[in-house]
Every structure is written in C-alpha cells, then in structure tokens.
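1. sequence first, then the predicted structure, then my questions.
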Amino acid sequence: MQTIAVIDYGMGNLRSVSKAIEHVAPQAHVVVTSDARVIGAASRVVFPGQGAMPDCMREMQASGLADAVRAAARTKPFLGICIGMQMIFDFSEEGGTTGLGLLAGTVKRFAGDMRGADGTRLKVPHMGWNRVHQHGSHPLWRGIEDDSRFYFVHSFYPVSAQAADCAGSSDYGIHFCCVVARDNIFGVQFHPEKSHRAGLALFANFVAWNP
Amino acid sequence: MLAKRIIPCLDVTAGRVVKGVNFVALRDAGDPVEIARRYDEQGADELTFLDITASSDDRDIILGIIERVAAQVFIPLTVGGGVRRVDDVRRLLNAGADKISINTSAVQNPQLVADASGRYGAQCIVVAIDAKRTGPGRWNVFTRGGRDDSGLDVLDWARRVESLGAGEILLTSMDRDGTRAGFDLDLTRAVADAVGIPVIASGGVGNLDHLVDGIITGHADAVLAASIFHYGEFSVADAKQRMAERGIEVRR
C-alpha cells in the first residue's frame, strides 16, 4: 500500500485535500504530517498552502521542513497546490519572499486595475471557476478535457523563467500560467480539492503517476 | 473567462435545514448533508451554510455537519452564523469550511475581520452585509438578523471591510429578502462597483431571470438563492441554462 504524505506546516486546514485524495484512492494511506521522516518515507508528497506566502514560508522555516520538501521534490511524485506551488519558485512579490528555489521564476500579483473584455473591472482575488488550457500532454491531464474549469482563489500567479515548465494557463485580464510541471514536480494554482470532478480526476492521475 | 457563480444557501438550525426543502425523491428533506450532495450533483458552484441555531448549546452541531459535507462534496463551502472570535473561524476551517462569513460581529468588532484575515488569509473571510434602504440610493447596515440599525452606510462599510481584509462580500437586501421580487439591483450595483473584491448578491430571488439581472444589471460576481432551489421549482442546472442563454459565462 502506498503512502501519500500531505505536508502540514501549520497553515490552516488540510482536511479537504486529504479527503479528496482518500476519495479517489481508498486503497492508499493518506497521512497529514509535519514529520520529516514520514515525508521522507512516503511514496508521494502533496504540498498545499493557503493564506499569504510570507506566512507560509515563515512556518516552513520554523517547522524545519524545508529540506524535507526540497528532497521530496527532487525524488518522488510531488504535487504543489496554490501557495504550495508558489513556494517552489525562487521568489514572490508577496512581501518580497524568497521561496524554495526548486523552479526558476517569480510569483507576481494581478494588477488592481484589470478590465474584462466587456470593460468591467476585474476583481482581485481571482475567485471562482475558470478554464485551464492544457499545454501539451501530461499524465496528470489524462481523461480531463482541455479547457475544463477549476476553482481558483488567488491574487498572485507564477511567471516561470522556463516557458517549458508551464503545463497549463488561464485568462483573467491577462494570460497567465497556472500549472507548472518539470520531471516529478507538478504544481497547480487552482484547488483540485475544490474542483469537483475535474479536480478529483487530477488527484486520481497523481496517485497513479510514475514519472 | 471566469464563470459567474451560483450559490445555493442552506439555513441550518440544530442540525436540520429549515425554510422548507422539497426535492423530489429526497429521502430526508431536512438533512443538510443529503441536500448538499443534491446541489453538488446539480452543478452548484459553491454552497453556503447559515447556522441560525439560537441556542449556544447546539452551536457545535454545525461542525459535525461541515465535516460530513466536506468529506463528500468537493466544491467550496462557506459557513456563517454566530462567528464571534478568531477561534470560531479556526474551528470552522478545521471542520472543512473554505470560507467563513462574519456579519454582526464584524460591525461590533471590526478588528475581528482584520485578525481573521491576517491569520487565515483574505480568501477565506467573507463579510455578510444586511442592507436596508433608508432613502433614494442610500442603505444602512443592519445587524442581528435585520433587527438593529447600526447607523453605518452600506457603501462606506463595504469599502471599510475590504480595507480590513475581507476577501468577498455577501450582500443581502433586507427589503427584498423573502419577497421573491428580485434583487435590489441598485444596491447590488452600487456595492459591486464600489469595491475591488467579489460581491455575492442575495435576497429576493423569485425566478431565474432575477439571477441573470443580478449579474448583468447588478454587476454581481455571484448570486445566492435559497427558496427557488429548495422548493424544487428550479434546479441549479436550470439556472445555469438560463444564464448561459443570456450570454453569461457559467460552469457546466
């Protein structure tokens, strides 16, 4: 039986993430953990995050888990969600925060004065269901229709230094990257645990992924 | 393009959904978990639970309900009613809520909004505003379920809660709530245009065109309704169909 570790570094509720994975992988052992040894022994790792990236990075450092996360991201199937995805980049404009530096790039904020196609003001945070355009094929997109809607809640988005690292994009005033992938790393800006069938399908693909 | 959201609202007291729910073939019309699943199947974009339990002894019942819903329904869940302290926010989030709606306590103690937002992020803090018209183009904020006039101007308060760290506003017209005459579109538009955070229109929906009006005329980012869905008159899918026909982006 495979163990899937959901990393808990004290930033809010991880129940939704673990329940969604349990829902699609009843045979797996899903463990919410802040123990570096458990993360090291797990077959797959999910790295969630919510709130503000400066707080998340501070808690990461305080928990002493940064090295365990880096090691997992180098060696096993690794799924970053929302702030968890943002933290694998070098740097975020949110509070001028240094990230874990696993992918080259910067996390930027949506402008406050963006307008939609009809001229209406676009609200920030970008909150709700938006289409995700898939860039090429990836095992985690299997069975998920291109341009499916996923649930987003965020004000910041990643700008990857390597265009090839972007595996999916969305439109909100601007065209922005919302999915990154490299080797065994997959990161999503949206919340698959809140994205109904498409989100559950993505988790199911992650559980079956052998990069 | 971002879809406009349709949010069914469930009023819960002592563990049961009230306001009458009348789904066809629902075994237990008052069970919040079963009703949440039904709306989820119909394509609801989010669900809002309003805990209207009067007795403080029964307050913790909502936590168990949210836990059960969150284990089965994988869309965003908002919970409001009786949230007074940051610790109330923490407990509801831990039970599986994604957003917490604060109403009366935000007026009585605006620092609660700042503290909760600072701790858990603006994305999970909704400020619910109950508005009542006091004159042409003027509305006041009412609290305690519409009983008390706070004296605050709705537009001033909406901008204030945005600056305090609210991530969203749930705006209910007390004048229209329960009338089925449609949203107060002047109110909705005034607030939606005054702030840079999403606004959910609520209060007065009697038919599907009212939902359309809330988006197109009221500039709302999302629409919330209870009775038109509860009584089985229209499904969420019907609502999306009508909105799509009128050119509104919806998730289907």
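-> Perfect, I can see it now. Residues are numbered from 1 along each chain as shown, chains lettered A, B, ... in the order given.

2. could you use CA atoms for every contact and neighbour count after this?
-> Will do.

3. per-residue confidence for residue B:133?
-> pLDDT, residue B:133: 96.

4. tell me which residues form a beta bridge with it?
-> On the basis of DSSP bridges, residue B:133 is bridged to residue B:139.

5. and for the one 10 residues further on?
-> Going by DSSP bridges, residue B:143 is paired in beta bridges with residue B:148.

6. contacts only, for residue 162.
-> Assuming you mean chain A. A:104, A:105 (Cα atoms under 8 Å, 6 or more residues apart in numbering or on different chains).

7. chain B was what I was after
-> Residue B:162 neighbours (Cα under 8 Å, 6+ apart): B:168, B:195, B:196, B:197.

8. repeat for residue B:217
-> B:185, B:189.

9. likewise residue A:172?
-> Residue A:172 neighbours (Cα under 8 Å, 6+ apart): A:116, A:122, A:126, B:1, B:2.

10. can we see that at 7 Å?
-> residue B:1 (Cα atoms under 7 Å, 6 or more residues apart in numbering or on different chains).

11. is it fair to say residue B:248 lies in a strand?
-> No: counting by DSSP: H, G, I helix; E, B strand; the rest coil, residue B:248 falls outside a strand, being coil.

12. for the chain, give me the ranges with low pLDDT.
-> No chain was given, so I picked chain A. A:12-13 (pLDDT under 70).

13. sorry, I should have been clearer: chain B.
-> B:19-29, B:54-55.

14. where along it do the helices fall?
-> Applying DSSP state H to chain B gives helices spanning B:32-42, B:61-70, B:86-95, B:104-108, B:111-120, B:154-164, B:185-194, B:208-216, B:227-230, B:236-245.

15. pairing partners for the helix or strand that contains residue A:187, with directions?
-> Assessed by DSSP states H and E, residue A:187 sits inside strand A:185-188. Note on strand A:185-188: by DSSP bridges, its sheet partners are strand A:78-81 (parallel), strand A:174-182 (antiparallel).

16. report the contact partners of residue A:169.
-> Per Cα under 7 Å, 6+ apart, neighbours of residue A:169: A:132, A:133, A:134, A:175, A:176, A:177, A:178, A:179.

17. ok, back up a step: of all the strands paired with strand A:185-188, which lies closest to residue B:106?
-> When those are compared by Cα to Cα, strand A:78-81 sits nearest residue B:106, at 30.4 Å.

18. who touches the closest one?
-> Residues contacting strand A:78-81 (Cα under 7 Å, 6+ apart): A:44-49, A:72, A:184-191.

19. tell me the residues of chain B that contact chain A?
-> Within chain B, the positions lying close to chain A (Cα under 7 Å from any Cα of the partner chain) are B:1-3, B:70-71, B:74-76, B:93-94, B:96, B:120-121, B:123, B:196-198, B:251.

20. how does it look with 8 Å?
-> Within reach of chain A by Cα under 8 Å from any Cα of the partner chain, chain B has these residues: B:1-5, B:45, B:70-71, B:73-76, B:90, B:93-96, B:119-123, B:167, B:196-198, B:251.

21. show me the residues you listed that map onto strands.
-> residue B:5 (DSSP state E).

22. buried subset of the residues of chain B next to chain A, written for PyMOL?
-> Buried subset of the residues of chain B next to chain A, written as a PyMOL selection, criterion 16 or more other Cα atoms under 10 Å in any protein chain shown:
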select buried, chain B and resi 1+2+3+4+5+45+70+71+73+74+75+76+90+93+94+95+96+119+120+121+122+123+167+196+197+198+251
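
23. enumerate every residue touching residue B:159.
-> B:194, B:195.

24. report whether the helix or strand where residue A:16 lies contacts chain B.
-> Secondary structure from DSSP H and E places residue A:16 in helix A:15-24. Yes: for helix A:15-24, a contact with chain B is found by Cα under 8 Å from any Cα, at A:15, A:16, A:19, A:20.

25. export those to JSON lines and tack on neighbour count?
-> Output for those, formatted as JSON lines (neighbours: other Cα atoms under 10 Å in any protein chain shown):
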{"residue": "A:15", "neighbour count": "20"}
{"residue": "A:16", "neighbour count": "27"}
{"residue": "A:19", "neighbour count": "20"}
{"residue": "A:20", "neighbour count": "25"}
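
26. distance to residue B:212 added to those, as TSV?
-> Formatted as TSV, these follow (distance: Cα to Cα, whole Å):
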residue	distance to residue B:212
A:15	35
A:16	31
A:19	34
A:20	32
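
27. closest to residue B:156 among those residues?
-> residue A:16 (35.3 Å).

28. got the contact list for that closest one?
-> Residue A:16 touches A:193, A:194, B:70, B:71, B:74, B:96, counting by Cα under 8 Å, 6+ apart.

29. pretty sure the fifth one contacts residue A:198?
-> No: assessed by Cα atoms under 8 Å, residue B:74 is found out of contact with residue A:198, at 10.2 Å.

30. which residues of chain A fall in helices?
-> Under DSSP H, chain A gives helices at A:15-24, A:36-41, A:53-63, A:66-75, A:83-86, A:196-208.

31. residue B:140: which of the ones you listed is closest?
-> helix A:53-63 (36.0 Å).

32. ok, is the closest one in contact with chain B or not?
-> No: Helix A:53-63 is not in contact with chain B by Cα under 8 Å from any Cα; minimum separation 8.7 Å.

33. how about that helix: buried residues?
-> Buried residues in helix A:53-63 (16+ other Cα under 10 Å): A:53, A:54, A:55, A:56, A:57, A:59, A:60.

34. and the first one, how close does it get to residue B:193?
-> If you measure residue A:53 against residue B:193 using Cα to Cα, to the nearest Å, the figure is 29 Å.
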